[in-house]
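Chemist: Have a look at this prediction, sequence included:
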Amino acid sequence: MQRHYGMLQSPASTLKTICSGFQTNKNNWSQGQNKNKAEYSDNTIPEALNAQLIKVRDLYKINKRIFDNPPKVTFISYTIPRLDSTSSDFRLFHILKILLKNNCKIDFLYCTRLWNDSKYAKVFEGNMNFKYLPLNLQNYVKFVTDKIPQYIWITELWRMNYVKFITTLVGELKASCPSSKIIVDTIDFHYKEFHRKYEVTGDPDDLERANEFLENEKILYRKANCIVVISEEEKKDIQGKIMGIKKIEVVPNIHEIPYDTRPYDKRRNICFVGNFGNKHNVDAVTYFIENVFHLILGKNPGVEFHVLGYSGDRYKKHFESYNVKVIGGLKYLEEALTYYKLFVCPMTYGAGMKGKIGGAIAAGVPVVTTSIGAEGFPIRDGEECFIADSPTEFAEKCNQCLSDPVLWYNFSVKARLMVAENLSPSAVAKKIRKVLS
């Protein structure tokens, strides 16, 4: 993961496009970091940053023990978590792995089958009980009451029909399993996402969708014993809009941060990663191409902008030009990102934490983002990244990152340390313990 965003193996030609003259051999591609570690280790980092970088090595390890008595947990989700699909899937995958490492007994109930479910179930090596069950209130209540879990963790609430079903189910479970505590993992505050979209589009359908989500979220969140959100911003937004919630805890995205990564002079070009089944990613790339990229080309005429991610090929004709390449999905996305000099996140609406930014930081790529893209991360403009909301400022800050190696290394190292301190498995394991307590 990155693993994120439905990364499928891409043809060798797309790898050559990314490498642009660095490594084009496919075997080297998958082994690149180990083979060339000496080439881009500590000695490429300015001396003043070495002490910060050294801290990264020990901060992403999972705590061996976070529970005195590991709880029994039933997860209810729309699908099996696909660690190479979306940032929310990646986050759920890591939450499950943390709980399994702490000897928790987990049943995972899901309502939608996909053709490669067995592939993703195998990742957990038989340590979890996966159960496919189509949406039926009586069957779900029976399954959970038979298991008698201490906690029922509900997630992946993206679809309105599923949200409505879960809202009814939670009421039934509270009556049938009074000893089980119900956790609702929001991932995003969906009212906020669609209302922001309405503010951009002015489309009444977006406003109607936002209000429909809000009415259901009000009922569901008030019924739960605990609400889990992905950031402090989401927590404040929900508390400001919905009264009567018992408890809210923050469990952010989770990222493992490598100590070594490729240096400034071994990288080139700009990239964006997204699942293009989500309209906000399509609109972000369109905004960047139409309003920002030509300003960058004025000072960096040779730079290319690469669009990576699931379903990106659907927009090839819409996006591509001489300097814009649609790469699509990649199996080796983590390695691919280490070849880029800059990552941009020009999102104009959306909600929650943007997993794409965490993945870029993990690969050592400096980030230029909008304020909306930066939400959820403890990052500061000019310290760990650049944040800009106007096209002119966005382009100027991109050009600085492309041309200033000192600035580039500062962002690369400081952002990795920030993620290791706040979003590593070790840091997030402590937050999960607060939820299951």
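Modeler: Nice, I can see it.
Chemist: quick one: which helix or strand includes Ile106?
Modeler: strand 105-110 (DSSP states H and E).
Chemist: And the average pLDDT for that strand is what?
Modeler: Strand 105-110 carries an average pLDDT of 97.
Chemist: Put the alpha carbons of the next helix or strand after that strand into CSV.
Modeler: For strand 105-110, the following helix or strand on the C-terminal side (DSSP H and E) is helix 117-122. Extracted in CSV, the C-alpha atoms of helix 117-122 (Å, rounded to 0.1, in the frame of the first residue of the first chain):
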residue,chain,number,x,y,z
ASP,A,117,-11.9,-11.7,-1.7
SER,A,118,-9.9,-14.8,-1.0
LYS,A,119,-6.7,-13.0,-1.9
TYR,A,120,-7.3,-10.3,0.7
ALA,A,121,-8.5,-12.8,3.4
LYS,A,122,-5.3,-14.7,3.0
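Chemist: Would you confirm that Asn211 contacts Lys192?
Modeler: No - the criterion here is C-beta atoms under 8 Å, and Asn211 misses it with Lys192 at 11.9 Å. C-beta coordinates here come from the backbone N, C-alpha and C atoms, glycine included.
Chemist: Give me the more crowded residue out of the two.
Modeler: Higher neighbour count among Asn211 and Lys192: Lys192, with 23 against 14, using other C-beta atoms under 10 Å.
Chemist: State the helix or strand in which that one lies.
Modeler: Here Lys192 is assigned to helix 190-201, by DSSP H and E.
Chemist: Low-confidence ranges, the stretch 201-350 of the chain, go.
Modeler: Scanning the stretch 201-350 of the chain for pLDDT under 70 picks out 259.
Chemist: Where do the strands of it begin and end?
Modeler: With DSSP state E, counting those that start in this stretch, the ranges of strands along the stretch 201-350 of the chain come out as 226-229, 248-250, 270-273, 305-308, 324-328, 342-345.
Chemist: Including mean neighbour count and distance to Pro178, could those go into CSV?
Modeler: Output for the strands of the stretch 201-350 of the chain, formatted as CSV (neighbours: other C-beta atoms under 10 Å; distance: least, C-beta to C-beta, whole Å):
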stretch, mean neighbour count, distance to Pro178
strand 226-229, 25, 16
strand 248-250, 18, 22
strand 270-273, 26, 44
strand 305-308, 25, 48
strand 324-328, 21, 49
strand 342-345, 26, 44
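Chemist: Take those and lay them out in TSV including distance to Thr370.
Modeler: Listed next are these as TSV, based on distance: least, C-beta to C-beta, whole Å:
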stretch	distance to Thr370
strand 226-229	21
strand 248-250	22
strand 270-273	12
strand 305-308	16
strand 324-328	19
strand 342-345	7
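Chemist: Go ahead and name everything in contact with the helix holding Lys192.
Modeler: Contacting residues not belonging to helix 190-201 are listed as 157-158, 163, 203-204, 206-207, 209-211, 213-214, 217, 234, 237, 241, 279-280, 283, 348-352, 372 [C-beta atoms under 8 Å, 6 or more residues apart in numbering].
Chemist: ok, now stretch 283-293?
Modeler: 200, 272, 274, 305, 307, 315, 318-319, 321, 323-324, 344-349, 391, 394-395, 398.
Chemist: picking that back up, the strands of the stretch 201-350 of the chain: which one's closest to Glu383?
Modeler: Among these, strand 342-345 comes nearest to Glu383, with 16.4 Å by C-beta to C-beta.
Chemist: buried sites along stretch 390-403?
Modeler: 391, 394-402 (16 or more other C-beta atoms under 10 Å).
Chemist: Does anything pack onto the lengthiest helix in the chain? Which helices or strands?
Modeler: Of all the elements of type helix in the chain, the one with the most residues (DSSP state H) is helix 204-223. Applying 3 or more C-beta pairs under 8 Å, 6 or more residues apart in numbering; DSSP states H and E, one finds that helix 204-223 contacts helix 160-176, strand 181-185, helix 190-201, helix 232-241.
Chemist: now those as TSV including distance to Phe67?
Modeler: What follows is the helices and strands packed on helix 204-223, written out as TSV (distance: least, C-beta to C-beta, whole Å):
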stretch	distance to Phe67
helix 160-176	23
strand 181-185	15
helix 190-201	31
helix 232-241	24
